[in-house]
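**Student:** Coordinates for the following, if possible.
(one chain, ligands or ions: 2)
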Amino acid sequence: MLSYHDALQIIRDTASSIILEAETIPLESALGRVCAKLLLSPLDIQPFDNSAMDGFAIKLDDLAGASPERPVRLKIKGVIPAGHPVKDNIVEAGFCWRIMTGAPLPQGVDAIVPIEDVHQHSETILFSNAPKLGQHIRRTGEDFKKGTSVLSVGDRITQAHMIALASLGISKLPVFKKPGALFISTGTELVDDLSQPLQDGQIYNSNRIYAHALLPACGTILHGCNTIHDNKDIFLETLNTADEKGIHLIISSGAVSAGNYDFVRNGLESFGAKILYHKIKLKPGKPNLFAILPSGCLYFGLPGNPVATVAGLRFFVLEALRTMLKEKSERPIFARVMNEFPKKPGLHMILKGRLEYKDDGSVNANVLDGQESFMVSPFLSMNGWLHVPENKENIKTGDVIEAYPAHPYGHLV
Ligand code: AMP
Ligand code: MG
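**Tutor:** Numbers count the residues shown, from 1 in each chain. Ligands and ions are numbered 1, 2, ... in the order given. Reported below is the predicted structural model:
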């Protein structure tokens, strides 16, 4: 059986062959999208030298000897508001300009003295200190230099990027087109309509709703969430339709284990798919399957137990999406476990956890009760996934382990 990390590597190697086209979109709709081309600063920002304070533009020579005992008096030449074009304003000896934050500097200015540091006497200003050269002046290009790199291929656009890009006047930008996805739930026992009472033997289809919320939030165009009641023919028809729609990845839940109705592997093989792995040393989700269809579409066969489906989406499907979008692989958080958890070596474990961010900057991790792969009640209090490597035995209090936030793009949605 394949190790968890080898499975991830197969996913990366396979997903890297998928080429997503670029499209140019307005900045307003770029949140969460991924930059497809190196973006250079089109401007110097600040675009002109300007004042960082409301105050007075002065020459150093005029205030060289200023002190509280012997203040220097300068006449006001005029007022420079923000938003005015840079005109022929010049600071002459013996004069100062009243200037507002963001207003262009007059020529010859050496420093800005904030309004709080002066006294006004009718038409003159009293300065009680010699300012430093360049104080409270924002220089052209101090924030961004024209032609320098702003965004690289694979950068996912956050709110923080938006403010920088807007400052540069970048009204549109090249991003990767969203990959198309299809989610298939399998199981004759599943009920999609959550308002219907359950009949004997039935359960609500929870994976479908989860995928419906997650996949678009992770940057895919979701072409559907189909439910197949363990019928291989309908499965094959669905694969055919997906091919016609140019879908990049199909994710199914259920029907990949050893049960009588587990038709996914068999169906994929008769469709001509290449199975890249089936079964990994992982809990939850030992029967995980990964394949590539003749069209090049990726196929994730996730086991149907909801925790196996959610963990498979979180760690396998999202890794494939990151690879397609040329994003860097996700780095773990290191957290100290606060409770014991029995484990035998041989399986990589992904546990439902609760991360606590401590005052000293460290992170504590609690392994939640209810780790069985059918148990979804812990999701109500879980905020992170805890990874325990294949060869590790029994988790002890104080062990440091790798953890991941429950949702990697939480700040984007
Ligand atoms: P399977 O992988 O098809 O053998 O399913 C494993 C377990 O997960 C069974 O108890 C199924 O009833 C359950 N299950 C499968 N699909 C879903 C789903 N979409 N929503 C909730 N539970 C599911
Ligand atoms: Mg099933």
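
**Student:** Which residue would be the closest one in the stretch 251-400 of the chain to ligand 2?
**Tutor:** Proximity of the stretch 251-400 of the chain to ligand 2 (C-beta to the ion) peaks at G254, 4.0 Å away. (Glycine included, C-beta is placed from N, CA and C.)

**Student:** which one is that residue nearest to, not counting chain neighbours?
**Tutor:** Of all residues beyond its chain neighbours, the one nearest G254 is G304 (2.8 Å), with distances taken as C-beta to C-beta, 6 or more residues apart in numbering.

**Student:** OK, contacts around that neighbour?
**Tutor:** Neighbouring residues of G304 by C-beta atoms under 8 Å, 6 or more residues apart in numbering: 185-187, 207, 253-256.

**Student:** next one: A130
**Tutor:** By C-beta under 8 Å, 6+ apart, the contact set of A130 is 60, 63-67.

**Student:** Name only those of these that count as buried.
**Tutor:** With neighbours counted by 16 or more other C-beta atoms under 10 Å, the contacts of A130 contain buried members at 63, 66.

**Student:** could the contacts of A130 be laid out in a markdown table, adding distance to ligand 1, secondary structure and pLDDT?
**Tutor:** Listed next are these as a markdown table, based on distance: C-beta to the nearest ligand atom, whole Å; DSSP: H, G, I helix; E, B strand; the rest coil; pLDDT from 0 to 100:
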| residue | distance to ligand 1 | secondary structure | pLDDT |
| --- | --- | --- | --- |
| L60 | 74 | helix | 97 |
| L63 | 75 | helix | 97 |
| A64 | 79 | coil | 94 |
| G65 | 81 | coil | 91 |
| A66 | 77 | coil | 96 |
| S67 | 79 | coil | 97 |
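
**Student:** now, which of the contacts of A130 sits nearest Y409?
**Tutor:** Distance to Y409, by C-beta to C-beta, is smallest for L60 among those, at 50.8 Å.

**Student:** so that closest one makes contact with A111?
**Tutor:** Yes. If you go by C-beta atoms under 8 Å, L60 and A111 touch, sitting 6.4 Å apart.

**Student:** Which neighbours do these two have in common?
**Tutor:** Counting by C-beta under 8 Å, 6+ apart, the residues touching both L60 and A111 are 131, 133.

**Student:** who does the residue lying closest to G134 once chain neighbours are set aside bridge with?
**Tutor:** Leaving out its chain neighbours, the residue that sits closest to G134 by C-beta to C-beta, 6+ apart is A111, at 6.2 Å. Beta bridges link A111 to I58, judged by DSSP bridges.

**Student:** Count the residues that sit near A111.
**Tutor:** Applying other C-beta atoms under 10 Å, we find 20 residues neighbouring A111.

**Student:** try S152
**Tutor:** 12.

**Student:** What residues does it make contact with?
**Tutor:** Taking C-beta under 8 Å, 6+ apart, we find S152 in contact with 35, 38-39.

**Student:** just L194 next, same as before
**Tutor:** Contacts of L194 by C-beta under 8 Å, 6+ apart are 204, 209.

**Student:** A403 too?
**Tutor:** 332-335, 353, 355, 363, 365, 384-387.

**Student:** Over to F95?
**Tutor:** By C-beta under 8 Å, 6+ apart, F95 lies in contact with 74-77.
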